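# Have a look; sequence and predicted model below, questions after that.
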Amino acid sequence: MSVIDVREAITRAHHEEWARVVAALTRRFGDLDIAEEAAAEAFATAVERWPADGVPPNRGAWLTTTANRKAIDRIRRENKRDDKQKEAQILYNDDPPEPLGAIDDDRLRLIFTCCHPALATETRVALTLRMVGGLTVPEIARAFLVQETTMERRITRAKAKIKAARIPYRVPSAKDLPARVSGVLAVLYLVFNEGYLATGPDTDPVRHDLTAEAIRLTRLIRALMPQDGEVAGLLALMLLTEARRAARVSASGELITLDEQDRGAWDVALVAEGHRLVRERLAAGVAPGRYQILAAISAVHTSAREARDTDWSQVVALYDQLVRLDPSPIIALNRAVAVAELDGPEVALAAVDRLEDKLAGYHAYHAARADLLRRLGRSQKSRAAYDKAIELAGNTAETAYLTRRRDQLG
């Protein structure tokens, strides 16, 4: 096996096993720092040893065993034998495991555990993305549109608060789930988004490992909380987005926008399931939440046989409803893109320009401006906007698309 093959195997193992290793160590030792550092040391050891020794048949078991040993070594070094040594003995005794409570999936349990209500919502999400999703600090920072140093401090403070407040790492019971589910959904939404359009320049443009895992975990929550409208909405949104995956990137590695996609390549079963969930929520007669509205917008898009058949008036009306719930600049940007199809690019550009102060560092803001300026025949300003979008974009497929569009300008 070549060094490149080994590197790819380690990368796949990281995506697949990181959260599982962290979850196992957190449950055994009750310390998130120990769990994360031991997992990181195990992966570092894999980088050193696998190229020489070969990739083990069971990567997950190898990483978990190595991380356990690293955790025990650290506990011993820190002279915490009196209480922590007893916890370490769990590795070697035959006592039955602790009850799983309401959740029997290892990764989902850890997500609910990290999303403790004592932490601010953004802090819960950032911490859980790092500890459970295995996302890097730069990836999380891009998701929150903040600097990497800011996100690093936020995660560090979250860990410190957990230790200072002695927040227990206990398995949440069924009655705890409603208080934590919004944070969990936010985590899964961001994990899915990172897979749907990966922000790192050194990763695949679409990371199916992340989208598939986010869908799997959301399905589990749906089974636990079948009456929760936002759980159903998020699952519908994910399914309708995932249905288009095969049509989103060309053979040459360039992003294909929604209006140019081959709709015959969409996954019919996922579209049907997503539409069914949206209809169920509409029939419930309850005021929809954020994810339900986003799912409804996606349902309008995936209901159209051709892009020109899209009911843009309905899309804008749904965005109007969403803005009242979530007046974020990104939602306003997406609404403006829809307005361009209904009222024209001049009206949309005025709305987009009002967001400059808040979205100047967001590549999609500049990409939207570039497209609107192109449609208005302002080639020089469009080119400058494309240049800025290309500079900020991390996704290779998106960069290729933006570069082609820029180069097509007169």
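Structure's in. What do you need?
# CA atoms for contacts and neighbours, from now on please.
Will do.
# what bits of the stretch 101-250 of the chain have low per-residue confidence?
Of all residues in the stretch 101-250 of the chain, those with pLDDT under 70 make up the ranges 101-107, 110, 113, 131-134, 165-172, 200-202.
# repeat that with 90
101-184, 186-188, 190-191, 193-214, 216-217, 220-221, 223-225 (pLDDT under 90).
# for it, what spans make up the helices?
Here the stretch 101-250 of the chain has its helices, by DSSP state H, counting those that start in this stretch, at 106-114, 121-131, 137-144, 148-164, 177-196, 208-224, 229-242.
# Figure out which of the ones you listed is closest to Ile331.
helix 137-144 (13.7 Å; CA to CA).
# Next, the angle from that closest one to helix 177-196.
Angle, helix 137-144 to helix 177-196, by axes from the mean of the first three to the mean of the last three CA atoms, to 10 degrees: 110 degrees.
# Show me which positions of helix 137-144 end up buried.
Counting neighbours by 16 or more other CA atoms under 10 Å, one finds that the buried residues in helix 137-144 are Val137, Pro138, Glu139, Ile140, Ala141, Arg142, Ala143.
# Repeat that for stretch 341-356.
Across stretch 341-356, burial judged by 16+ other CA under 10 Å covers Glu341, Leu342, Gly344, Pro345, Ala348, Leu349, Ala351, Val352.
# Tabulate those (a markdown table), appending secondary structure, distance to Asn334 and pLDDT.
Output for the buried residues of stretch 341-356, formatted as a markdown table (DSSP: H, G, I helix; E, B strand; the rest coil; distance: CA to CA, whole Å; pLDDT from 0 to 100):
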| residue | secondary structure | distance to Asn334 | pLDDT |
| --- | --- | --- | --- |
| Glu341 | helix | 12 | 96 |
| Leu342 | helix | 13 | 94 |
| Gly344 | coil | 14 | 96 |
| Pro345 | helix | 13 | 97 |
| Ala348 | helix | 10 | 97 |
| Leu349 | helix | 12 | 97 |
| Ala351 | helix | 10 | 97 |
| Val352 | helix | 9 | 97 |
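# Looking at the residues you listed, which one is closest to Val323?
Nearest to Val323, judged by CA to CA, of the buried residues of stretch 341-356 is Ala351 at 13.5 Å.
# Now for the nearest residue to that closest one once chain neighbours are set aside: which residues touch it?
Distance criterion CA to CA, 6 or more residues apart in numbering; nearest residue to Ala351, sequence neighbours excluded, is Ala336 at 6.1 Å. Applying CA atoms under 8 Å, 6 or more residues apart in numbering to Ala336 gives the contacts Ala348, Leu349, Ala351, Val352.
# I'm done for today, thanks for sticking with me.
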